[in-house]
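Asker: A predicted structure for the sequence below; I have some questions about it.
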Amino acid sequence: MRYFSLATALPILEIKDICNDYIECEAHSPWDIFKEYTSARAGLHLYDKGNSIIGYWESGERNRSDSLLRAKNWVVLRMKEKNNQTTISGCVFFCPTLFFALLVGFLTILFCSDFLTVLLFMLISTVLLWSSMKEQAIILNYIKKFFMR
């Protein structure tokens, strides 16, 4: 999970106007990994929630059955306007359902006496979370370019 805060001269209405190009009609939630994604446009897919915006990053990658990947990195943006300056704060986080599943699996395997099982689980978790962290850095750079016009 990465937290960030940006200051911009853009008013909230102009920020929302910029975000309108990335609004997604397909309803999704960070907690639901079972619903299939069909919008394959690479980049941010956003949902307007008043003075905050939530959305996910679509990489366009597909699995073996040619479906879009369901484990997404999500972003939450909160905007506050003060003294002709807007502060955008938020966080980028990996799919919480999958993260908690990995955490529970890790805690369960800790009590397992089989070293190879623990090693295999750690390897898979590391690869999954490392690729998520790289994608989170891409998302943060994209957001900074997005609002620092």
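Answerer: Received the coordinates, thanks.
Asker: How far does the helix or strand bottoming out on mean pLDDT in the chain sit from its chain's centre?
Answerer: Taking mean pLDDT, DSSP states H and E as the measure, the helices and strands of the chain show their lowest mean at helix 96-110, namely a mean of 74. In terms of Cα atoms, centre = their mean, to the nearest Å, the centre of helix 96-110 is set 19 Å apart from its chain centre.
Asker: List the buried residues for that helix?
Answerer: 97-99, 102, 109 (16 or more other Cβ atoms under 10 Å). Heads up, the C-betas are built off the backbone N, CA and C, glycines and all.
Asker: Next secondary structure element downstream of it?
Answerer: Using DSSP states H and E, the helix or strand that follows helix 96-110 towards the C-terminus is helix 115-147.
Asker: Geometric centre of this protein: which residue is closest?
Answerer: Closest residue to the average C-alpha location of the chain: Trp74 at 1.9 Å, with Cα atoms, centre = their mean.
Asker: so which helix or strand takes in it?
Answerer: Here Trp74 is covered by strand 73-82, with elements defined by DSSP H and E.
Asker: and that strand, what other elements does it pack with?
Answerer: Using 3 or more Cβ pairs under 8 Å, 6 or more residues apart in numbering; DSSP states H and E as the contact test, the elements touching strand 73-82 are helix 12-19, strand 52-58, strand 85-94, helix 115-147.
Asker: Thanks again, I'm all set now.
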